[in-house]
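>>> sequence and predicted structure are below.
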Amino acid sequence: MAGTANINLGYRMQYYFSLSNSNYLEYGNNLLLIGISDTSFIRVYPNWQHPLLNGNYYYPIPLEKERTWYDYEFNTNTYPNFPLYYPPCLISGDSSKSNKGKFITRTGMTGYGTSSLDIWGVSQGFRFYPLAYEFLGKSYHTVPHATRAGDSLLAIAFHDSTVISLNGVLSTINRGEVFRTLLDSPGIWQANHSFSLVQISRHQQEDSVLYSSLFAYSVHPDSALITSTWYTTEIVPDSTPGEQSYLNLISPTNGVAYVKLDGVSLSSYFVPYASDTSWSYAQIPVTSVQHKLEADSGVLAYAYQYSLGCGVGFYVGGLEMKNTVTSVPELPFHSDITIYPNPAHQTLNIDFGDSHKNATQVTVKLFTIEGKCIQNSTSKNRRNLTLDISTLANGIYFVEINIDGTRVTKKFVKN
């Protein structure tokens with residue numbers, strides 16, 4: 001999906017050479033940018049000594065519509081060990097430019113083996129298209145891939161003081177920093193700011209599946225529920241040694257009875273999250289054919305396959321979505337907009353601050369925590385606005401403020 005900000009992901013991977021009976025480490029990054037609308041003035045903020053930095057902490061890229069930019073770094077060594085590698089970094093539009101073009105990002109890691117040593121005899125690595133910032137969220141649920149010895153999870157912050165809760169344990173990271181962990185159990189992720197979450201299947205062996213190649217994808221926020229779609233697992237051929245296909249599903253618990261695959265109920269596969277029983281997950285072995293997935297209450301779906309030397313995984317997109325918005329946008333820029341009181345009971349006051357006193361257009365939308373828009377207001381007073389929230393049910397809400405095309409989102413509690 002195209003947007004105005006995204007991530008670049010470097011990684012380390014390890015080969016085992018059966019011919020030489022030794023381990024081999026490769027680490028690097030692989031970045032492709034594709035211009036989609038207008039000209040994008042992009043800044044890449046690498047957290048290593050990239051040759052294009054020239055003493056700055058970023059390097060600029062003018063990216064025209066329908067043009068591409070390709071960049072990669074690559075090293076081989078017996079060091080560094082996990083997690084010291086080319087770290088993830090941010091890519092964002094230049095806020096000083098008036099032109100706000102959108103772009104698609106493909107990122108990942110490429111490692112080059114040799115036919116005499118590499119057990120696969122081909123170039124190895126993984127590449128994927130991460131979610132643009134506009135489609136990220138603050139609440140995620142994850143499920144480990146079946147038959148693996150745990151997955152690598154990376155959370156990347158777009159805001160300073162991003163507080164991330166993973167299964168109730170808090171960690172704080174700043175803009176451009178990453179929280180990484182190896183996780184072999186279901187995860188519940190929550191934060192005070194939108195953040196990018198990437199799940200990487202490593203090639204550790206469990207059960208009957210041999211080492212496979214890595215793959216990665218963006219974890220989608222809880223609001224990105226689909227209700228109907230077709231998808232295929234016919235990517236790794238059935239004839240490939242050790243081929244196995246799976247489907248990971250995440251659903252609101254009150255909707256698991258309505259989740260069907262090819263017309264057959266999947267409710268018996270679901271298990272509630274231990275510390276959040278309102279959500280449930282399932283790991284389902286499937287056949288390598290085309291499938292129809294249905295879920296009246298919405299579901300998050302990830303399909304993946306393994307075999308000797310092969311591996312692929314992806315988010316299953318929906319022909320029909322549960323919500324009209326994928327996530328509540330909150331662009332990463334400094335703002336002096338304030339809301340009060342918080343918690344609020346009868347009214348919510350919004351102060352737009354001095355930096356927006358010359359704004360020509362101000363719109364305010366109110367969202368539920370599920371991403372449903374329930375109020376839409378236009379402010380003629382460029383300094384403040386008062387919203388009547390007396391009829392709202394108690395709970396968490398988000399107010400989205402759009403000032404001349406720039407958006408910021410604030411969370412508040414109605415009590």
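Right, received. Where do you want to start?
>>> distance-wise, check the nearest residue to residue 142 once chain neighbours are set aside relative to residue 252.
Sequence neighbours aside, residue 187 is the residue nearest to residue 142 in space, at 4.1 Å (criterion: CB to CB, 6 or more residues apart in numbering). C-beta: built from backbone N, CA, C; applies to glycine. Distance, residue 187 to residue 252, using CB to CB, to the nearest Å: 17 Å.
>>> more crowded one of those two?
residue 187 (21 against 17; other CB atoms under 10 Å).
>>> so residue 31 sits against residue 106, correct?
Yes. With contact defined as CB atoms under 8 Å, residue 31 reaches residue 106; the gap is 7.5 Å.
>>> and those two? which has more neighbours close in?
Using other CB under 10 Å, the more surrounded residue of residue 31 and residue 106 is residue 31, with 24 against 17.
>>> excluding chain neighbours, what is closest to the more buried one?
residue 71 (4.6 Å).
>>> next, the one you found: phi, psi?
Main-chain dihedrals, residue 71, degrees, to the nearest 10: phi -150, psi 130.
>>> pLDDT below threshold where in the stretch 51-200 of the chain?
Judged by pLDDT under 70, the stretch 51-200 of the chain has its weakly predicted residues at 74-86, 110-125.
>>> quick one: the helices in it?
In the stretch 51-200 of the chain, no helices are defined using DSSP state H, counting those that start in this stretch.
>>> tell me where it has strands.
Here the stretch 51-200 of the chain has its strands, by DSSP state E, counting those that start in this stretch, at 59-63, 68-77, 89-93, 100-111, 124-128, 137-142, 151-157, 162-166, 169-173, 178-183, 187-201.
>>> is it possible to get a markdown table of these that adds distance to residue 294?
A markdown table is the format used below for the strands of the stretch 51-200 of the chain (distance: least, CB to CB, whole Å):
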| stretch | distance to residue 294 |
| --- | --- |
| strand 59-63 | 39 |
| strand 68-77 | 37 |
| strand 89-93 | 36 |
| strand 100-111 | 29 |
| strand 124-128 | 26 |
| strand 137-142 | 20 |
| strand 151-157 | 27 |
| strand 162-166 | 31 |
| strand 169-173 | 35 |
| strand 178-183 | 29 |
| strand 187-201 | 24 |
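>>> between these, which gets nearest to residue 398?
Proximity to residue 398 (CB to CB) singles out strand 137-142 among the strands of the stretch 51-200 of the chain, at 8.9 Å.
>>> with just CA atoms, put the closest one into PDB.
The C-alpha trace of strand 137-142 is given here as PDB (Å, rounded to 0.1, in the frame of the first residue of the first chain):
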ATOM      1  CA  GLY A 137      -2.200   0.700  14.200                       C
ATOM      2  CA  LYS A 138      -1.700   0.700  18.000                       C
ATOM      3  CA  SER A 139      -3.100  -2.700  18.700                       C
ATOM      4  CA  TYR A 140      -2.000  -6.100  17.200                       C
ATOM      5  CA  HIS A 141      -2.300  -9.800  17.900                       C
ATOM      6  CA  THR A 142       0.300 -12.300  16.700                       C
END
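>>> neighbouring strands - and their directions - for it?
Strand pairing for strand 137-142, determined by DSSP bridges: strand 187-201 (antiparallel).
>>> so the strand it pairs with versus strand 162-166, what angle?
Between strand 187-201 and strand 162-166, the angle comes out at 90 degrees (axes from the mean of the first three to the mean of the last three CA atoms, to 10 degrees).
>>> list the buried ones in strand 187-201?
187-191, 193-201 (16 or more other CB atoms under 10 Å).
>>> that older thread, wait, the residue nearest to residue 31 sits on residue 46?
No. In this structure residue 71 lies outside contact range of residue 46 using CB under 8 Å: 9.4 Å.
>>> when these two are compared, which one has more neighbours?
Ranked by neighbour count (other CB under 10 Å), residue 71 and residue 46 place residue 46 first, with 25 against 17.
>>> with adjacent residues omitted, what lies nearest to the more buried one?
residue 89 (5.0 Å).
>>> follow-up on the earlier one: which pair in the buried residues of strand 187-201 spans the largest distance?
The widest separation within the buried residues of strand 187-201 (CB to CB) is 26.7 Å, between 193 and 201.
>>> helix, strand or coil for residue 44?
Applying DSSP: H, G, I helix; E, B strand; the rest coil to residue 44 yields a three-state assignment of strand.
>>> can you count the residues close to it?
Around residue 44 there are 20 residues (other CB under 10 Å).
>>> same thing with residue 339?
17.
>>> hang on, isn't it packed against residue 350?
Yes. Under the criterion of CB under 8 Å, residue 339 makes contact with residue 350 at 5.3 Å.
>>> any shared contact partners between those two?
residue 399 (CB atoms under 8 Å, 6 or more residues apart in numbering).
>>> list the contacts for the closest residue to residue 413 other than its chain neighbours?
Of all residues not flanking residue 413 in the chain, residue 343 sits nearest, at 4.0 Å (CB to CB, 6+ apart). By CB under 8 Å, 6+ apart, the contact list for residue 343 reads 412, 413, 414, 415.
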